[in-house]
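missing the sequence, but the structure's below:
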């Protein structure tokens with residue numbers, strides 16, 4: 001079996017290809033744009049509607065507006081949490097804690113960022129990941145940092161490229177060491193993760209305290225226009241972290257944060273297929289864009305009101321953003337060379353196909369009844385996902401064949417050029433009868449999104465009833481991808497990334513045995529302290545009850561009410 005966290009031998013982890021090292025501008029050399037005429041005419045047809053780059057004054061004004069939207073979203077989150085917990089605002093922060101975050105020296109060693117690099121180095125957060133012990137934190141602060149490092153970071157990125165290297169964690173901690181408002185947000189996430197396990201009221205109070213400190217420190221940045229311009233990257237990391245947290249919490253106040261992230265990104269580094277409009281691209285911007293799009297796709301598919309990209313032009317630009325970012329993502333090990341994206345849980349090209357599907361869903365929802373999409377639109381969508389169905393790393397079935405070189409019980413060598421896998425990419429699952437299989441998580445995650453897309457196209461956009469044989473065939477094909485549902489033991493963190501797929505499978509389950517398997521999946525995710533799993537299961541149970549009541553006297557397949565029509569539940573997404 002060939003399994004290794006490193007791509008190449010002879011390097012300290014994580015090894016990176018020399019040809020991807022950045023130039024002094026922090027742009028990977030192979031994709032360095034030409035800035036010789038940033039305002040000149042473009043030969044790209046799709047960039048014609050774009051406005052010219054704003055003047056410095058316009059840019060700073062727009063950036064200030066975006067940053068203030070971020071502050072408002074943080075303030076709303078804090079007020080909501082204070083109301084929920086009953087803590088008084090004036091007693092929220094202990095003076096000692098407040099003073100600690102006013103000190104600059106909470107970290108022992110200097111660290112370099114990508115915008116300060118020579119052409120022969122990569123950012124320290126890639127080559128020298130930060131560890132919790134390097135922070136000058138004691139007591140509960142250290143405990144919460146460890147909760148973030150070992151626990152919450154796996155919620156953000158359930159499929160890290162290695163057990164020792166989690167890009168999301170490394171970037172957040174690296175920037176947190178010099179930006180205490182980000183560090184306080186990191187500790188807030190750790191405190192709430194601790195509270196979910198211990199139910200200790202002190203953890204919840206600490207969470208509110210950290211949020212209050214985060215807002216206070218951020219306010220000092222926002223008061224100085226020059227500081228705002230220099231602090232976009234840590235501010236983006238802060239808002240993305242809190243978007244991620246609120247999307248899996250009982251609060252579910254993720255939308256203002258995701259919108260604030262979109263505003264900052266579109267102002268500072270606009271979504272554009274024309275690299276001349278990407279003056280501020282960097283490793284952190286590339287990471288935030290990847291993280292943002294992973295959440296935007298989930299929201300677009302599962303939230304009743306969709307994501308925060310509403311304009312068709314915005315949706316189209318996002319689809320064309322992929323080629324310019326891919327080199328950054330590969331150099332940070334955010335995606336594999338074969339295109340599998342660790343943040344998405346599926347390939348980059350499947351991400352583009354899902355964005356096209358989301359655009360069709362948006363169009364469908366705005367139509368007057370009876371709603372129908374062009375048959376050619378549906379054919380085009382199916383064609384996209386048929387191509388994605390052919391993608392595989394080990395096996396499209398999700399089961400590692402016994403004669404495959406990646407099967408842990410053989411010693412076969414991989415073919416030349418095969419990119420090594422993390423040890424966590426393959427898991428042994430044992431069944432009740434004593435038999436077992438090895439499953440390939442990357443293949444399961446990717447193929448599950450393909451099947452979820454087929455279900456959406458067939459049932460929701462195509463109008464096929466849930467009981468139709470074609471819909472039920474897709475449901476059963478999905479279950480064949482999920483053998484762990486019938487296995488002994490708990491579901492691992494990797495399963496967090498297929499919540500979206502399981503939700504659409506669950507929506508179309510009409511038999512009790514199938515529904516029980518879906519319910520077991522989300523019950524297990526509750527044990528991983530995912531509040532979103534609780535929301536999703538309750539949402540499914542409501543829809544199952546409504547479906548059963550509507551069809552209790554049916555003797556034949558009839559047309560169903562579309563799931564898009566009766567989604568009057570809270571603004572929840574399956575993150």
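Happy to help now that I have it. Just so we're clear, the structure is a prediction, and the values are computed from it rather than from any experiment. Residues are numbered from 1 along each chain as shown.

domains in the chain, by residue range?
If you go by automatic domain parsing, the domain ranges for the chain are 77-334, 377-550.

for the shortest one, what is the average pLDDT?
Taken as a whole, domain 377-550 has a mean pLDDT of 94.

apart from its chain neighbours, what residue comes closest to residue 491?
residue 524 (4.1 Å; Cβ to Cβ, 6 or more residues apart in numbering). Placement of C-beta: from N, CA and C, glycine included.

surely that neighbour touches residue 489?
No: judged on Cβ atoms under 8 Å, residue 524 makes no contact with residue 489 at a distance of 9.5 Å.

looking at the two, which is more packed in?
Neighbour count, other Cβ atoms under 10 Å: between residue 524 and residue 489, residue 524 has more, with 18 against 10.

please determine how far that one is located from residue 230.
Distance of residue 524 to residue 230, given as Cβ to Cβ, to the nearest Å: 44 Å.

and residue 191, by the same measure?
29 Å.

more neighbours: those two, which one.
residue 191 (29 against 11).

how far away is that one from residue 181?
15 Å.

likewise for residue 451?
41 Å.

which of those two has more neighbours?
residue 181 (24 against 21).

what about the more buried one, which helix or strand?
helix 180-198 (DSSP states H and E).

how distant is that helix from the center of its chain?
19 Å (Cα atoms, centre = their mean, to the nearest Å).

please name every helix or strand in contact with that helix.
helix 95-102, helix 139-147, helix 167-176, helix 201-222, helix 232-247 (3 or more Cβ pairs under 8 Å, 6 or more residues apart in numbering; DSSP states H and E).

give me that answer again for 6 Å
Helices and strands touching helix 180-198, by 3 or more Cβ pairs under 6 Å, 6 or more residues apart in numbering; DSSP states H and E, are helix 139-147, helix 167-176, helix 201-222, helix 232-247.

what's the angle between that helix and helix 201-222?
Angle of helix 180-198 versus helix 201-222, following axes from the mean of the first three to the mean of the last three Cα atoms, to 10 degrees, is 160 degrees.

show me what counts as buried in helix 180-198.
For helix 180-198, a neighbour-count test (16 or more other Cβ atoms under 10 Å) marks 180-196 as buried.

and what of stretch 147-161?
147-149, 151-161.

let's have those residues in JSON lines, adding distance to residue 169, secondary structure and pLDDT.
As requested, these are exported to JSON lines (distance: Cβ to Cβ, whole Å; DSSP: H, G, I helix; E, B strand; the rest coil; pLDDT from 0 to 100):
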{"residue": "147", "distance to residue 169": "12", "secondary structure": "helix", "pLDDT": "95"}
{"residue": "148", "distance to residue 169": "8", "secondary structure": "helix", "pLDDT": "96"}
{"residue": "149", "distance to residue 169": "6", "secondary structure": "helix", "pLDDT": "96"}
{"residue": "151", "distance to residue 169": "11", "secondary structure": "helix", "pLDDT": "91"}
{"residue": "152", "distance to residue 169": "9", "secondary structure": "helix", "pLDDT": "91"}
{"residue": "153", "distance to residue 169": "4", "secondary structure": "helix", "pLDDT": "93"}
{"residue": "154", "distance to residue 169": "9", "secondary structure": "helix", "pLDDT": "90"}
{"residue": "155", "distance to residue 169": "11", "secondary structure": "helix", "pLDDT": "88"}
{"residue": "156", "distance to residue 169": "7", "secondary structure": "helix", "pLDDT": "90"}
{"residue": "157", "distance to residue 169": "7", "secondary structure": "coil", "pLDDT": "93"}
{"residue": "158", "distance to residue 169": "12", "secondary structure": "coil", "pLDDT": "92"}
{"residue": "159", "distance to residue 169": "13", "secondary structure": "coil", "pLDDT": "93"}
{"residue": "160", "distance to residue 169": "8", "secondary structure": "coil", "pLDDT": "93"}
{"residue": "161", "distance to residue 169": "12", "secondary structure": "coil", "pLDDT": "93"}
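
what's the closest of those to residue 516?
residue 158 (23.9 Å; Cβ to Cβ).

the closest one reaches residue 497, doesn't it?
Yes: between residue 158 and residue 497 there is a contact under Cβ atoms under 6 Å: 4.7 Å.

what about residue 134, distance to residue 369?
Taking Cβ to Cβ, one finds residue 134 at 59 Å from residue 369.

ok, residue 522 next?
32 Å.

go on, residue 517?
33 Å.

with residue 190 instead?
Counting by Cβ to Cβ, the gap from residue 190 to residue 369 is 48 Å.
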